[in-house]
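Engineer: Fold the following, please.
(chains A and B)
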Amino acid sequence: MEAPYIILKKEILELLKREAKLLNCQCTEEEIENSISQSKGIGDISSSIAFRIAKQTGKRSADVAAEIASHIKTPKLVKSISSENGFINFHLNRAIFSSEAIMHILKGGYNENASTMGDRSKVVIEYISVNPVHPWHVGHLRNALIGDALSNIYQSCKYLVVRENYLDDLGLQAAEALWGLMNLQKLGISIDQQKKFDHMLGEVYVKTNKFIESDPKIMEEIRKTNKLMENEESAEGKTLEENMIFGYLKAERETASSFGIYQDIIVRESDILRFRLFDKAIEELKAKGIAKLYGEGKYAGCIAIDLKDIGTDGALAGLMENVKVLVRSDGTPNYAAKDIAYHMWKLGIIEDNMLFSPFISKQKNGKTLFISGKEGKIMKFGGADITISVIDSQQNFEQQVVKGTIEALHGEKRKEIKHLAYEVVELEGSKLSGRKGTWVGYTADDLLNEAKSRALKLISQNENLREDEKERIANAVGIAAIKFTFLKISPEKKIVFSWSTALTFDGDSGPYCQYTYARASRIIEKSGVKNFEDLPAISEIPEEAFSLIKLMALYGEIVEKACRECRPNIIGEYLIDISTSFSKFYENVQILKKEGNERQWFLSLVFAFRKILGYSLALLGIEPIDKM
RNA sequence: GGGCCCAUAGCUCAGCUUGGAUAGAGCGACAGCCUUCUAUAAUGAAAUGGAGAAAGCUGAAGGUCGCGGGUUCAAAUCCCGCUGGGCCCGCCA
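Structural biologist: Here you go, the predicted structure:
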């Protein structure tokens, strides 16, 4: 069931194509399609194609527009067509268009999907991927929220989404935290069992780093730890696995869950090696001549890629030397190498033999969270058509290498590698650093607690709510405030964190949208009406109602756009637009005072609006609220 | 040396991919917005507070779209060159 707006747009496109042909214009279908949009000026839908036709035929644009407007057939949902300033303007038949748009929504036009664009192709979306040595801070939260919203958006466009978290359980920072954990006395820390594990571990990690600064010889011990922990049977290996990694993940998932974020799989870096994904990847890269063993010179003994071989466009051109090492001369792979292998697994380029077992058998969303490891069974999480990695823009270069390498290897076989590069979150006057501990006081948990208590204060003013309701609503409102603040900003924009803007409940905010939802709900409740699908005919549609309906009709297109561009902030903008539009309608039309058919019609509009608002909120992971 | 990103109202941001009619929001500051009940009291009015569908709405104010060229019937949007800010270019992750 296609939305009336989409059908109409297609119809107009066909009609304009015919007109252009009659006028001997060579413009492409795409050009005509791009010329059609919701009108900013006169009319409801307009086309600027007359300018192009005029150019080609040497006529005046106003004349061409007038000619087309008078000649073109009038589509069913259109009342009249006019021309002004060279634009062709379609004036909708408001009553019919409105009713069809509302019915489309009421009949469940968007219940399953906002769009069928994805056609069940598979996409692996990687997000969060925090080093397991400290709690999430507000910067990690931005990543988590973008990744979660993006996953929702892709799912709504009918993609099969695997929500994936990459866990770096090797690496030096893990060794540092582990060393600290095993040498608490040296650091002068006593463990507070009450403290959330990730916060405690973060403190250990920061103290360890300070300790290293004061005594660089400690680094040798840590390197030893790093080597030892690779052996699963060693004390280091066991502590790493059983205490640190699992303790960390449990705490991290608590944070995730408190924000309503649930993923499908956690893949451990150590398993990229364990299951020999890395070996297979290097083999294939060498076989295709992309990577090679350097015999002499600076890179003697390394396996590396000459970037000239994989294209020098974009970020790749920014390298001082053209060589990117994958395997060090001591035979160990670096981060980029593992990421390339991992992407090859995600895309099904190398065989899928990784084992998975449940980590949380039933998350609050009802689904299981799996983790890779030495035990479990082979599960087909890889083999995707598209991979998206939500990683901050500092890693642009590295991600370009990954993308370039795999594209060189795999050609253009309908596989797509996307990097959603977002800018980092900073504090006023300083940067967030896991190592230095500047995140203390700015963790995701801190933010949520503060948001909840501020929301509760505000909600307590409403004396019609029971205590338990207040608690529940404050939680939802607090989360909405935070999510909206982070998600309404374009990913490529840097955020300087401030408590007052992160926790705003006024204006362009999550709570404002929730509040609008609550208002719509209260009207529906007070009306006593249960059936909204009997839509009577109505002769006149107030301006405010019609503006709202036009916005509602764009829902599918908006979600597609957000999906194509990987930008959840487009949904945020849309939420504000429809909420504001609804508020204006609500101020101007006293719905419950209306009678008969009019009342029923307006209530159906409110009901349809509430559905659209609910879908949109859900895309950003914001809970709709019936009263607040 | 090179590459990527950002620059739009006092502040925070949309709009740029696909050029189009008068460049849009929010915050802040300014001026306003219905009904009813109730408290303060000699009475009434005003004022303040509470409640209602009310965390809302309306109005006016605020702009060299960083600068300079170019392309075009038309440039915030495309191209070239600057300026300022951020990030990156390791046998780290």
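Engineer: low pLDDT regions in chain A?
Structural biologist: Along chain A, segments meeting pLDDT under 70 span A:311-316, A:412-413, A:463.
Engineer: how's it carved up into domains?
Structural biologist: Chain A is divided into the following domains under automatic domain parsing: A:4-92, A:122-431, A:444-619.
Engineer: Backbone dihedrals for A:Ile42, please?
Structural biologist: phi -80, psi 150 (degrees, to the nearest 10).
Engineer: which helices and strands sit right next to the host helix or strand of A:Phe278?
Structural biologist: According to DSSP states H and E, A:Phe278 maps onto helix A:277-287. Counting contacts by 3 or more CB pairs under 8 Å, 6 or more residues apart in numbering; DSSP states H and E, helix A:277-287 packs against strand A:291-293, strand A:303-306, strand A:323-327, helix A:335-346, helix A:396-410. All C-beta spots, glycine's among them, are computed from the backbone N, C-alpha and C.
Engineer: Apply 7 Å and report the result again.
Structural biologist: Applying 3 or more CB pairs under 7 Å, 6 or more residues apart in numbering; DSSP states H and E, we find helix A:277-287 packed against strand A:291-293, helix A:335-346.
Engineer: Return the most buried member of the ones you listed.
Structural biologist: Comparing the helices and strands packed on helix A:277-287 by mean neighbour count (mean count of other CB atoms under 10 Å), helix A:335-346 ranks first with a mean of 24.
Engineer: now check it, is it near RNA strand B?
Structural biologist: Yes - judged by CB under 7 Å from any atom of the strand, helix A:335-346 comes into contact with RNA strand B at A:335-336.
Engineer: Take the helices and strands packed on helix A:277-287 and write them to TSV, including distance to A:Ser579.
Structural biologist: Below are the helices and strands packed on helix A:277-287 laid out as TSV (distance: least, CB to CB, whole Å):
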stretch	distance to A:Ser579
strand A:291-293	52
helix A:335-346	37
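Engineer: buried set for the longest helix anywhere in chain A?
Structural biologist: Looking across chain A with DSSP state H, the single longest helix is helix A:596-619. Residues of helix A:596-619 classed as buried: A:599-617, A:619 (neighbour count, 16 or more other CB atoms under 10 Å).
Engineer: what's next to that helix, contact-wise?
Structural biologist: A:102, A:105-106, A:110, A:114, A:149, A:152-153, A:156, A:513, A:516-517, A:520-521, A:523-524, A:527, A:529, A:532, A:535-536, A:538, A:545, A:548-549, A:552, A:555, A:559, A:571, A:574-575, A:578-579, A:582, A:589, A:591, A:594, A:624 (CB atoms under 7 Å, 6 or more residues apart in numbering).
Engineer: And for stretch A:274-282?
Structural biologist: By CB under 7 Å, 6+ apart, stretch A:274-282 touches A:272, A:291, A:303, A:326-327, A:333, A:337-338, A:340-342, A:344-345, A:350-351, A:353-354, A:374.
Engineer: If we use 10 Å, what do you get?
Structural biologist: Contacts of stretch A:274-282 from elsewhere in the structure, counted by CB atoms under 10 Å, 6 or more residues apart in numbering, are A:232, A:267-269, A:271-273, A:283, A:291, A:293, A:303, A:326-327, A:333, A:337-345, A:349-355, A:372-374, A:378, A:382, A:405-406, A:409.
Engineer: related to what we said a few turns ago, could you dump the domains of chain A into JSON lines and include distance to A:Thr438?
Structural biologist: Below are those laid out as JSON lines (distance: least, CB to CB, whole Å):
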{"stretch": "domain A:4-92", "distance to A:Thr438": "45"}
{"stretch": "domain A:122-431", "distance to A:Thr438": "6"}
{"stretch": "domain A:444-619", "distance to A:Thr438": "11"}
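Engineer: what does the stretch 101-250 of chain A put close to RNA strand B?
Structural biologist: Checking the stretch 101-250 of chain A against RNA strand B by CB under 7 Å from any atom of the strand, the hits are A:131, A:168, A:170-173.
Engineer: Could you tell me which of the residues you listed belong to helices?
Structural biologist: Members of these lying in helices (criterion: DSSP H): A:171-173.
Engineer: Go through these and name the one nearest RNA strand B.
Structural biologist: Nearest to RNA strand B among these: A:Gly171, at 3.3 Å, using CB to the nearest atom of the strand.
Engineer: residues near the closest one, how many?
Structural biologist: A:Gly171: 15 surrounding residues under other CB atoms under 10 Å.
Engineer: So it versus A:Ile49, what's the distance?
Structural biologist: Here A:Gly171 is placed at a distance of 57 Å from A:Ile49 (CB to CB, to the nearest Å).
Engineer: Please identify which residue in the stretch 501-628 of chain A comes closest to RNA strand B.
Structural biologist: A:Gly507 (2.3 Å).
Engineer: Wait, a strand at that residue?
Structural biologist: No - using DSSP: H, G, I helix; E, B strand; the rest coil, the assignment for A:Gly507 is coil, not a strand.
Engineer: Tell me the spacing between it and A:Gly528.
Structural biologist: 33 Å.
Engineer: cool, and A:Ser258?
Structural biologist: Separation of A:Ser258 from A:Gly528 (CB to CB) stands at 37 Å.
Engineer: now do A:Thr57
Structural biologist: A:Thr57 is 60 Å from A:Gly528, by CB to CB.
Engineer: A:Thr255 too?
Structural biologist: Counting by CB to CB, the gap from A:Thr255 to A:Gly528 is 43 Å.
Engineer: If you count surrounding residues, which of the two has more?
Structural biologist: Neighbours were counted for A:Thr255 and for A:Gly528 using other CB under 10 Å; A:Thr255 has more, 23 against 8.
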